[in-house]
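Q: 3D model of this:
(one chain, ligands or ions: 1)
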Amino acid sequence: MINAWAIQRDPDIWSCAEEFIPEKFMGTKFDFKGLDFKYLPFGAGRRMCPGISFDSAVVELNLANLLYWFDWQMPGSADEKGPDMTGTFGILGARELPLQLVAVPHFNQM
Ligand code: HEM
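A: The predicted structure is shown next:
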């Protein structure tokens, strides 16, 4: 079992390794299909995720829709601190606290 969590937070590979900055992937040549061992969101080898083609399309479509129709804000005064990214300990990395966001529609509904 490889430690993808640690690899994907290696400061020798990623600047701002602990920060949530999705833009850091833009313009990189990292492959996410299991051929580049710096970045393994779907695993690698014969046991890698078989849903990779489906996921790539569905995640992008849904994310694009959510960003197109809504602004996303933290509830109350939490905006200044940003989301609490504390994780739980275990084989599956999960958030300690559920992510709570307020969806603000971009466009007025008729
Ligand atoms: C963004 C969404 C998803 C991500 C990031 C993801 C990621 C992963 C990862 C990291 C693994 C472990 C690979 C390894 O052990 O090397 C895995 C396994 C697996 N995934 Fe996904 N997955 C996603 C969605 C899906 C979907 C939608 C399906 C089914 C339609 C699916 C089916 C599976 C199955 C069956 C395995 C076990 C493969 C095996 O052990 O041989 N996944 N996935």
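Q: nearest spatial neighbour of the residue of the chain found nearest the ligand, skipping sequence neighbours?
A: Using Cβ to the nearest ligand atom, the closest approach of the chain to the ligand is made by Gly43 at 2.1 Å. In this view, the C-beta of every residue, glycine as well, is placed from N, C-alpha and C. Computed as Cβ to Cβ, 6 or more residues apart in numbering, the closest residue to Gly43 that is not its neighbour in sequence is Cys49, at 5.6 Å.
Q: quick one, what contacts that neighbour?
A: Each residue near Cys49 by Cβ atoms under 8 Å, 6 or more residues apart in numbering is listed here: 42-43, 55.
Q: ChimeraX command to pick out the buried ones of these?
A: Written as a ChimeraX command, the selection of buried residues from the contacts of Cys49, which uses 16 or more other Cβ atoms under 10 Å, is:
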select :42
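Q: residue contacts, the residue sitting nearest the centre point of the chain?
A: In the chain, the centroid-proximal residue (Cα atoms, centre = their mean) is Pro22; its distance is 7.1 Å. Not one residue lies near Pro22 by Cβ under 8 Å, 6+ apart.
Q: what about it, distance to Thr28?
A: 12 Å (Cβ to Cβ, to the nearest Å).
Q: returning to that earlier point: need the pLDDT of the residue nearest to the centre of the chain.
A: You'll see Pro22 listed with a pLDDT of 79.
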